[in-house]
Each structure stands twice: as structure tokens, then as C-alpha cells.
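Enquirer: build me a structure from this.
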Amino acid sequence: MIIEMGGEELPIPSARNLMKTLSGDSIFVFGCDKDKFYTCVGIGTVVKIQKGDELDIVYMFFGKKTRQIVVKHNHARRQIYSLKRGQLAWFYGTYKNYGNKVHLYAKGFQAWYVPKALDIKNYDLDSIEEMEKSQETDMINFLDQFEEK
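Expert: Next up, the predicted model:
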């Protein structure tokens with residue numbers, strides 16, 4: 001696709017050249033390194049977590065099917081503690097195709113926080129309004145110091 005801008009014709013690159021998806025799942029795949037490992041990012045629901053001595057395995061549902069993610073790195077293994085079954089989460093890592101089977105390896109996870117009923121009850125709107133008013137008066141007083149006389 002080409003657009004004209006300021007008398008010049010500029011090509012618009014296709015998004016297919018930048019990334020692709022894995023067979024209808026919400027996993028976005030970017031370029032690969034010299035060992036044919038592709039960088040990927042996915043959004044899915046945590047189905048199951050298996051703990052092991054050397055590595056952990058996280059099962060996530062990305063839209064079409066449940067995929068198995070191998071977790072070896074210490075950073076990602078510590079982030080598993082933020083995951084809960086049935087919760088949405090981000091997954092960042094690499095993948096490699098072995099024949100017709102895809103193997104996912106995690107570099108990191110980020111759970112999507114969902115507030116609990118206790119968090120919602122503790123959220124007091126009146127105290128927040130008072131805090132905002134006091135911050136506003138502090139800012140006005142602060143700015144008055146710099147006002148020319």
C-alpha cells in the first residue's frame with residue numbers, strides 16, 4: 001500500500017512483516033535469533049501450574065487451545081507466584097517449532113490484577129476526595145511562592 005504525503009509517495013509496511021500469530025491463538029510472534037527461537041508475547045488464562053525441581057510448567061489457554069509453557073529462568077519462576085488458576089495473564093518468552101509441535105519457553109509473566117471484595121470495600125471515595133483537595137491546596141501554595149510581586 002502506498003500513500004501520498006507532501007507530494008511524495010510513501011510505502012506503508014505490512015504488519016505481517018513485523019509479527020504473526022500462532023494458529024488463531026492470542027500469541028504474537030516477532031523475529032527470531034540465530035538459533036531459530038522466535039520472541040513471542042501472549043495473553044491467556046492460567047489453567048494449571050506444575051512445580052518441579054529444575055523447571056516449572058504453566059498451562060495457559062490462549063483462545064484456541066491450551067499450551068504448555070516451560071519455565072526455567074529464575075526470574076520467570078518467581079513470577080509464577082503471582083499467577084492464579086483462571087486468571088488472565090501476560091506471557092513473554094520464546095518459542096521454537098519442532099516439526100509440527102510448538103514449544104514455548106517463558107522469560108516472564110505478568111498477572112492481571114483483579115481486586116478482591118475486601119479491596120473494593122476498603123476503597124473509600126470520601127477520603128480520596130479529601131486527599132485530592134489537600135494536594136490541590138498544597139500545589140496552589142507551592143506555586144504562590146514563585147509568583148512575582
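Enquirer: now do the contacts for residue 27.
Expert: Applying Cβ atoms under 8 Å, 6 or more residues apart in numbering, one finds that residue 27 lies in contact with 21, 40, 41, 42, 44, 62, 67, 91, 95, 104. Heads up, the C-betas are built off the backbone N, CA and C, glycines and all.
Enquirer: for it, which non-adjacent residue is spatially closest?
Expert: Nearest non-adjacent residue to residue 27, counting by Cβ to Cβ, 6 or more residues apart in numbering: residue 42, 3.8 Å away.
Enquirer: who touches stretch 80-87?
Expert: Residues contacting stretch 80-87 (Cβ under 8 Å, 6+ apart): 45-49, 56, 58, 71, 89, 109-112, 114.
Enquirer: state the phi and psi torsions of the residue nearest the centre of the chain.
Expert: Centroid check for the chain by Cα atoms, centre = their mean gives residue 90 as the closest residue, at 3.8 Å. Backbone torsions for residue 90, taken as degrees, to the nearest 10, come to phi -90, psi 150.
Enquirer: please apply the same query to residue 26.
Expert: The phi/psi pair for residue 26 (degrees, to the nearest 10) reads phi -90, psi 50.
Enquirer: what about it, how many neighbours?
Expert: As a burial measure, residue 26 scores 16 neighbours (other Cβ atoms under 10 Å).
Enquirer: ditto for the one 4 residues further on
Expert: When neighbours are defined as other Cβ under 10 Å, residue 30 has 12 of them.
Enquirer: quick one: the nearest residue to it once chain neighbours are set aside from residue 106, how far?
Expert: Using Cβ to Cβ, 6+ apart and skipping the chain neighbours, the partner closest in space to residue 30 is residue 39 (4.6 Å). Distance, residue 39 to residue 106, by Cβ to Cβ, to the nearest Å: 12 Å.
Enquirer: comparing those two, which residue is more hemmed in?
Expert: Taking other Cβ under 10 Å, residue 39 and residue 106 do not tie; residue 106 has more neighbours (25 against 16).
Enquirer: longest strand of this structure?
Expert: Longest strand in the chain, counting residues (DSSP state E): strand 38-50.
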